[in-house]
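Novice: prediction below, plus the sequence it came from.
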Amino acid sequence: MVLEDTLAEAERGLSDKRERIVAEAAEYEAGGKRIGEWADDGRKIWDQSDAYSFDLELIDEGLANIRKAFVIALYHSWERMVGQWAEVGARADHAELRGGVEKKGVTPHARLNAVRDLNNALKHNSRQYGADLLDSWPELTPEGFALPDGYRNGNGSVDWFSVITIDDKQMREIISALRASGPEAFPRTAEPVVQETGQA
């Protein structure tokens, strides 16, 4: 899957950069010589260590958010692929796509509806699907997270993109759920036909 490979490359690139910055920061701290700017009274205005910390924060945020962006891309890739394969049309909703998968003889993955909830919470900051995600896959939110009082009735707000967390294992399960619920899972019983080409 091209998107999966692209995600792996992006994560690897950020992780490699993080390792380099951590090593540079450690070398800087061990070197003794400080780089930065200080006020006349000795107060620090900025120090190179601040720059390293800022870069690490950006990378960590990038690593956390890149998976969320790829969930949206992967889910919509699945929608398009299944819409054609199951012949339910490009504008089919999730229930219609799921029904098309079942008619093709494939049992959708147990997490498929949760991936739908996740996608819509991330992409649309959906009140309904964000709340549904707490039921379908609560581990994607921080331990102890609770909805504001009356949230399901329209009260309070939640920034779902910020709240949701996706670790490596969960990302693999998301990919597996989509793979198992589409053409790649279609049972193939017939032997492939090999055509021989004659020479002129």
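Specialist: Arrived safely.
Novice: can you give me the helices in the protein?
Specialist: Using DSSP state H, the helices found in the chain span residues 2-31, 48-85, 94-103, 112-124, 127-136, 160-163, 168-179.
Novice: please save the CA atoms from the last one in PDB.
Specialist: Which is helix 168-179. Only the C-alpha atoms of helix 168-179 are listed here, as PDB (Å, rounded to 0.1, in the frame of the first residue of the first chain):
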ATOM      1  CA  ASP A 168       2.200   2.300  16.500                       C
ATOM      2  CA  LYS A 169       0.100  -0.700  17.400                       C
ATOM      3  CA  GLN A 170      -3.100   1.200  16.900                       C
ATOM      4  CA  MET A 171      -2.000   2.500  13.600                       C
ATOM      5  CA  ARG A 172      -1.200  -1.000  12.400                       C
ATOM      6  CA  GLU A 173      -4.600  -2.100  13.500                       C
ATOM      7  CA  ILE A 174      -6.300   0.700  11.600                       C
ATOM      8  CA  ILE A 175      -4.400  -0.300   8.400                       C
ATOM      9  CA  SER A 176      -5.300  -4.000   9.100                       C
ATOM     10  CA  ALA A 177      -9.000  -3.100   9.500                       C
ATOM     11  CA  LEU A 178      -9.100  -1.300   6.200                       C
ATOM     12  CA  ARG A 179      -7.100  -4.000   4.300                       C
END
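Novice: the inter-axis angle of that helix versus helix 112-124?
Specialist: Relative orientation of helix 168-179 with respect to helix 112-124: 110 degrees, computed using axes from the mean of the first three to the mean of the last three Cα atoms, to 10 degrees.
Novice: cool, and the first one?
Specialist: Orientation of helix 2-31 against helix 112-124 (the same axes, to 10 degrees) gives an angle of 60 degrees.
Novice: kindly report the same for the longest one.
Specialist: For helix 48-85 against helix 112-124, the angle between stretch directions is 120 degrees (the same axes, to 10 degrees).
Novice: helices or strands up against helix 48-85?
Specialist: On a contact count with 3 or more Cβ pairs under 8 Å, 6 or more residues apart in numbering; DSSP states H and E, helix 48-85 meets helix 2-31, helix 94-103, helix 112-124, helix 168-179. To be clear about C-beta, it is placed using only N, CA and C from the backbone, and glycine gets the same treatment.
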